[in-house]
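Just a sequence and a predicted model for now, questions to come.
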Amino acid sequence: MVLILTGFTLIALIDLIPLIRQHAKSGIAAFSIVFITALTLAILQINKVEVPSVLILLGDALKALGISY
Amino acid sequence: MRIDKGQISGTQFMFSVACFIQASALLATFISTVTLQDSWLVLLFGAVLCLPLIWLYRTLMVMFPDQNLLQILVEVYGPVVGKVIGVAYIWFFFTLASLNLTDLGNFTKLTIMQETPNMVLALMCVLVSAFAVRNGIKLVTRYSTLFAVITFILLSIGIILILNQIKLENFLPMFDQPFGKYVQGIHIISTIPFGELVVFLMIHPYVKLSRRNTTKYLLLGFGLGVITILGVLLPNIGVLGNLLDIFTLPTLVILRLVNLGMALSRMEIIFAVILVMLLFFKITLLYYVSVLATAQLFKVKAYRHLALAAGALIIAYGFTLYPSLVEHAASAQEITPFLWTPFEILIPLLTFCIAKLRKLPKTSKEMAKEQEV
């Protein structure tokens, strides 16, 4: 957990601070969305929370529609 | 808006296409377990059937030489629908990058570094890739020529050394499978390695290419990739025959059979190194395209600042996709071809048709006229 948080803090220090300095609002928005999604997934996995697989869910939906080999 | 200032040559583009397909040599098992000894025929049929698809990508590249896929979507479908489809493409690019990263981790763990955790392998790969991505398209594609040539040389040596173990009767009987299996095999080969070339619609504005050279380099790259996969599949079938479908990595098994006295044995490690190298290239390109597409959607000029966060997302997302190699392979054979078809075939085809109907792209004169009206 500590390693994950350190890694994400480093990413924020390296990339978020220059974006804030440049006042790049769209850049900060894009960075935040990607960063928060990655951080959430990483923390869930570290805590052994089973994150449902998007591909398996889509696969099940397609199978239910009869679209599969 | 031009995000990356770098430009690459036509040759680099061609070898990038070739490397991108060559990296899928590992995934050749997806078809070889479906169509067994006829897999090489399925590959050839698939390649021929994919030519119109490659032509479609080429036509979009020629029609919109200065716009990447996300910009094309916005121009053709309008800002709202275009961006919605763009978000779907970003998901597609991230998913491809994560799937290939998972493949690289699993493969390396199985063959070279059994004791190393998957997370460490993925992290090492993404850190090196992030360096390339932050430096732009030039660095991402710089080593494509070297990788493609090394692959050709080492694969040729491997084939020559295994020639004495190939039995021609292993290719028989031909056309003995049910028709549905051939359709499935061709669908898999068209969507998993070949259709993934749609990612090059994101980088073609950064390639110095004329209309004629686009066709030449795209088709040559595609041809080189197909020859490589054929060079992997043919010896697999010729040596293993009916046993083909019981091995996860048949090429490693056949190269293990090469034994020229004490001097030359355990050749499989060379193939493993080639595959790691090619997968690394493919992941870097997909990673770059994912970052570029995200930056394009949000109109971020400093795309390099998204690279590390995107890398973290690719790693974290990759671990959620499939719980095991078996489920990944089963899904790739039964579901993935259908999932990828809209992204690789239907949307590009629809985009082309609508662009033709709307007579896009509009010239600056036409746009000025419209504004006057």
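Arrived safely.

hmm, stretch B:103-117 touching chain A?
No. Stretch B:103-117 is not in contact with chain A by CB under 8 Å from any CB of the partner chain; minimum separation 12.1 Å. Using the backbone N, CA and C atoms, a C-beta is placed for each residue, glycine as well.

And the strands in chain B?
Assigned by DSSP state E, the strands in chain B fall at B:259-260, B:264-265.

Mean pLDDT lowest where, among those?
Here the strands of chain B differ in mean pLDDT, and the lowest is strand B:264-265 at a mean of 67.

Could I get the contacting residues of whichever residue of the stretch 1-150 of chain B sits closest to chain A?
Across the stretch 1-150 of chain B, the shortest distance to chain A (CB to the nearest CB) belongs to B:T95, at 7.0 Å. Residues near B:T95 by CB atoms under 8 Å, 6 or more residues apart in numbering or on different chains: A:V54, A:L55, B:Y317, B:L321.

Could you report the separation of the nearest residue to B:G241 once chain neighbours are set aside from chain A?
Excluding the flanking residues, the one nearest B:G241 by CB to CB, 6 or more residues apart in numbering or on different chains is B:N170, at 3.4 Å. B:N170 is 25 Å from chain A, where distance means CB to the nearest CB, to the nearest Å.

Likewise for B:F298?
Counting by CB to the nearest CB - B:F298 and chain A are separated by 4 Å.

For that residue, the count of nearby residues, please.
19 (other CB atoms under 10 Å in any protein chain shown).

Isn't it up against A:S26?
Yes. Contact criterion CB atoms under 8 Å: B:F298 and A:S26 qualify, at 4.6 Å.

Is A:I67 within a helix or a strand, and which one?
For A:I67, there is no enclosing helix or strand under DSSP states H and E.

How about it, nearest residue that isn't a chain neighbour?
Nearest in space to A:I67, with sequence neighbours left out and distances taken as CB to CB, 6+ apart, is B:F338 at 5.2 Å.

so who does the one you found touch?
Listed by CB under 8 Å, 6+ apart, the contact partners of B:F338 are A:L62, A:I67, A:S68.

pLDDT averaged over the longest helix seen in chain A - what is it?
Criterion DSSP state H: the longest helix present in chain A is helix A:25-46. Mean pLDDT, helix A:25-46: 93.

Next SSE downstream of it?
Counting by DSSP H and E, what follows helix A:25-46 is helix A:54-64.

Close to chain B: what parts of chain A are there?
So far as CB under 8 Å from any CB goes, chain A lies against chain B at A:7-8, A:11, A:14-16, A:18-19, A:22, A:24, A:26-27, A:29-31, A:34-35, A:37-39, A:41-42, A:45, A:51-56, A:58-59, A:62-63, A:67-69.

So, low pLDDT: which residues of chain B?
Counting by pLDDT under 70, chain B shows low-confidence ranges at B:1, B:26, B:261-265, B:363-373.

need the contact list for the nearest residue to B:I150 once chain neighbours are set aside.
Distances taken as CB to CB, 6+ apart place B:I274 nearest to B:I150, at 6.8 Å, with adjacent residues excluded. When contacts are counted by CB under 8 Å, 6+ apart, B:I274 touches B:I150, B:T151, B:L154, B:L155.

How about B:M202?
B:N68, B:L69, B:L70, B:F93, B:V289, B:L292, B:A293.

max-length helix in chain B?
helix B:79-111.

Run a quick neighbour tally on B:P337.
Neighbours of B:P337 (other CB under 10 Å): 23.

Please report the distance of it from A:S26.
Separation of B:P337 from A:S26 (CB to CB, to the nearest Å): 36 Å.

Give me every residue in chain B that's in contact range of chain A.
B:95, B:180, B:184, B:187, B:294-295, B:297-302, B:305-310, B:312-313, B:315-317, B:319-323, B:327, B:331, B:333-339.
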